[in-house]
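Undergrad: Structural data only, the sequence is not supplied:
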C-alpha cells in the first residue's frame, strides 16, 4: 500500500511539474516570442513607411488603399488607457498563427478610416496579453491607429459580451446586417473571462479624427 501511495504521489507530482511548466510557457514563453515578433514587424513597417508619400487621405487625397497579405503588418495601434508604453502592430488575419504574434484585422471587415466596421481581434492572455485590459475600457477612452498615410483617432462608445458564434458584431453596422453604414467604427474583440473561450467582449468606438501621418 505504501508503494502504491508513493507511486501515485510521484505521478501527481510529475503532472504538477509538467502543468506548471506549461503554464509558464503560456505566460512567459509566448510573451517572449510575441515580443520578438513585434520588433520584427515594427521594423518592417518603419522601413516600408520611409518611402510613403508625405500626406494621406485626411488631407483630401484619394482614399488610402490596403493590399495586405495574411500575416503582414499594416498599422500600429495605441491605447493610452492601457499604459504609456502599450503599442502593437496590426497584421492581417485572425487565425492562431497570426494572433500568436500580434492583434489582427478580421478579414472581410473594413480597413482603418473606412465607412463601416474596422474589426480587430487579439489574445486576452498569451502572446504578450495584448488585450488583457480590454474589458476595462470605458466610454470616452481613445484608440489611435496609425497607417502608412494617416493617423486615426477613435473614441470608445460602447461595450458588450456575446457568444463566439455571434458574428453580427462584425457587420458594417454591428448587429444590423441589412443597414447601410454611415459611421466609421472600430470593434476590438477578445475572449472573456480570461483563459476561456466561453464569451467575447466587444469594445466599439467611432472615428473622431483623421489627419495625415
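TA: That came through, no problem. No experiment lies behind these values; they were computed from the predicted model shown.

Undergrad: list the buried ones in whichever strand or helix holds residue 151?
TA: Assigned by DSSP states H and E, residue 151 belongs to strand 150-162. Buried residues in strand 150-162, defined by neighbour count with 16 or more other C-beta atoms under 10 Å: 150, 151, 152, 154, 156, 157, 159, 162. C-beta here means a position set from N, CA and C on the backbone, and glycine is covered the same way.

Undergrad: and what of stretch 195-211?
TA: 200, 201, 202, 203, 204, 205, 207, 210.

Undergrad: Cross-check the contact I'm expecting between the last one and residue 114.
TA: Translated: residue 210. No: assessed by C-beta atoms under 8 Å, residue 210 is found out of contact with residue 114, at 10.7 Å.

Undergrad: got the residue ranges for the helices in this structure?
TA: Under the criterion DSSP state H, the chain contains helices at 2-24, 30-49, 96-99.

Undergrad: Between the buried residues of stretch 195-211, which sits nearest residue 142?
TA: residue 205 (8.2 Å; C-beta to C-beta).

Undergrad: looking at the sheet around the nearest residue to the closest one once chain neighbours are set aside, what are its partners?
TA: In this structure, residue 205 finds its nearest non-sequential neighbour in residue 154, 3.8 Å apart by C-beta to C-beta, 6 or more residues apart in numbering. Note on residue 154: beta-bridge partners by DSSP bridges are residue 143, residue 207.

Undergrad: for residue 154, what are its contacts?
TA: 142, 143, 144, 145, 185, 186, 205, 206, 207, 208 (C-beta atoms under 8 Å, 6 or more residues apart in numbering).

Undergrad: Go again with 10 Å.
TA: Shown in contact with residue 154 (C-beta atoms under 10 Å, 6 or more residues apart in numbering): 77, 79, 112-113, 118, 141-145, 184-188, 203-210.

Undergrad: Then residue 114?
TA: When contacts are counted by C-beta under 10 Å, 6+ apart, residue 114 touches 57, 63, 64, 66, 152, 172, 181, 184, 185, 207.

Undergrad: Nearest to residue 88, out of those residues: which one, please.
TA: The closest of those to residue 88 turns out to be residue 152 (C-beta to C-beta; 15.2 Å).

Undergrad: Provide a list of residues in contact with the closest residue to residue 37 other than its chain neighbours.
TA: Excluding the flanking residues, the one nearest residue 37 by C-beta to C-beta, 6+ apart is residue 101, at 4.0 Å. By C-beta under 10 Å, 6+ apart, residue 101 lies in contact with 30, 33-38, 40-41, 71, 73, 88-89, 91, 93, 123, 127-128.

Undergrad: what's the spacing between residue 74 and residue 93?
TA: 11 Å (C-beta to C-beta, to the nearest Å).

Undergrad: actually residue 73, not the one I wrote
TA: From residue 73 to residue 93 the distance is 11 Å (C-beta to C-beta).

Undergrad: Phi and psi next, for residue 137.
TA: Residue 137 adopts backbone torsions of phi -60, psi 140, taken as degrees, to the nearest 10.

Undergrad: pLDDT below threshold where in this structure?
TA: Counting by pLDDT under 70, the chain contains low-confidence ranges at 1-31, 52-63.
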